[in-house]
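Undergrad: Take this sequence and fold it.
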Amino acid sequence: MIINTNTGSANAARILAESTSALQKSLKRLSTGSRIASIADDAGGSAVASKFSAQVTRLNASRANVGNMISFSQTQDGYMEKVAGALERMSELAMLATDETKSDTDRGLYEKEFDELQDFITDISGKTFNGTTLFSSTSLSVAVGTAQNGTASKIEIKGANLNGNAFTMLAGASSTVGINTAAKAASALTSIQTAISQLASDRAQVGANLSRLETERNTISILRDNLSAARSRITDVDVAEESANFARQQILVQSGTAMLAQANVIPQSALRLIG
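TA: The predicted structure is shown next:
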């Protein structure tokens with residue numbers, strides 16, 4: 001019987017410390033919802049999850065970029081719809097002005113509205129979206145992700161130009177297109193039909209741009225969700241499994257505490273021999 005060294009107590013204390021540490025770790029996992037309470041728990045998994053998190057953040061930014069470009073294209077189409085209405089009315093006015101039963105004075109009355117519609121188209125062609133010209137032949141690029149070499153992956157969105165030849169000939173006060181004579185009205189009809197054809201082509205391009213952008217946004221959302229799920233499998237705790245582990249560690253701590261108390265009592269038996 002030994003008094004100076006209580007091996008049983010030392011072993012019970014060590015096991016209790018281990019159980020207490022495991023209980024604290026389980027408590028931290030349940031309170032934070034994270035399976036990795038410490039980087040030591042899964043060093044490799046933590047590194048992979050960190051990469052996933054960065055990629056998900058970039059995808060969220062890319063989705064915002066695409067959303068802004070969708071708004072840009074929708075604004076384009078909204079204005080172009082109004083231009084289409086103006087051109088339709090201008091073609092109607094030009095057709096009315098070709099009527100031989102009308103005098104040039106009558107045609108001059110039609111031209112007042114015709115001129116206002118020309119000014120309207122000129123005004124629309126200069127509109128901007130957050131400082132970016134809406135109607136230009138220049139394509140715009142949108143960052144939608146990261147390429148294999150680490151550079152931004154981009155898509156090109158083709159422009160819609162209301163400042164091209166088909167429209168500039170109808171532009172405002174500087175335009176030579178008018179309907180104050182029958183001959184001018186007949187010529188104006190040709191110019192307006194050319195502008196209507198060009199506008200139809202531009203609107204088709206804007207529609208194609210929107211379709212591509214919507215598809216790209218959906219693709220980004222799918223990739224983001226899958227990456228988030230992969231990250232979750234690495235970092236998020238399984239609450240059901242961890243709850244069972246937590247209950248186990250609680251029992252071990254309680255039983256370890258009780259056994260440590262018993263181990264500390266054993267050397268007292270030596271007093272009976274001494275007494």
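
Undergrad: would you put the C-alpha positions of stretch 91-107 in PDB?
TA: The C-alpha coordinates for stretch 91-107 follow below in PDB (Å, rounded to 0.1, in the frame of the first residue of the first chain):
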ATOM      1  CA  SER A  91     -43.900  57.200 -90.100                       C
ATOM      2  CA  GLU A  92     -47.600  57.800 -89.700                       C
ATOM      3  CA  LEU A  93     -47.000  61.600 -89.900                       C
ATOM      4  CA  ALA A  94     -44.800  61.200 -93.000                       C
ATOM      5  CA  MET A  95     -47.500  59.000 -94.700                       C
ATOM      6  CA  LEU A  96     -50.100  61.600 -93.900                       C
ATOM      7  CA  ALA A  97     -47.900  64.300 -95.300                       C
ATOM      8  CA  THR A  98     -47.700  62.600 -98.700                       C
ATOM      9  CA  ASP A  99     -51.400  63.200 -99.200                       C
ATOM     10  CA  GLU A 100     -51.700  65.300-102.400                       C
ATOM     11  CA  THR A 101     -54.900  66.900-101.100                       C
ATOM     12  CA  LYS A 102     -52.900  68.600 -98.400                       C
ATOM     13  CA  SER A 103     -51.000  71.900 -98.900                       C
ATOM     14  CA  ASP A 104     -47.500  72.600 -97.700                       C
ATOM     15  CA  THR A 105     -49.100  74.700 -94.900                       C
ATOM     16  CA  ASP A 106     -50.900  71.600 -93.700                       C
ATOM     17  CA  ARG A 107     -47.800  69.600 -93.900                       C
END
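
Undergrad: from the chain's centre, how far out does it sit?
TA: 53 Å (CA atoms, centre = their mean, to the nearest Å).

Undergrad: what does it contact?
TA: 110-111, 113-114, 117, 179-182, 184-186, 188-189, 192-193, 196 (CB atoms under 8 Å, 6 or more residues apart in numbering). For every residue, glycine as well, the C-beta is placed using N, CA and C.

Undergrad: Now do the SS call for residue 155.
TA: strand (DSSP: H, G, I helix; E, B strand; the rest coil).

Undergrad: can you count the residues close to residue 199?
TA: Per other CB atoms under 10 Å, the neighbour tally for residue 199 reads 21.

Undergrad: show me the residues around it that make contact.
TA: Taking CB under 8 Å, 6+ apart, one finds 80, 83, 84, 87, 162, 166, 167 in contact with residue 199.

Undergrad: again, only using 7 Å
TA: 80, 83, 84, 87 (CB atoms under 7 Å, 6 or more residues apart in numbering).

Undergrad: same check, this time on residue 77
TA: 203, 206.
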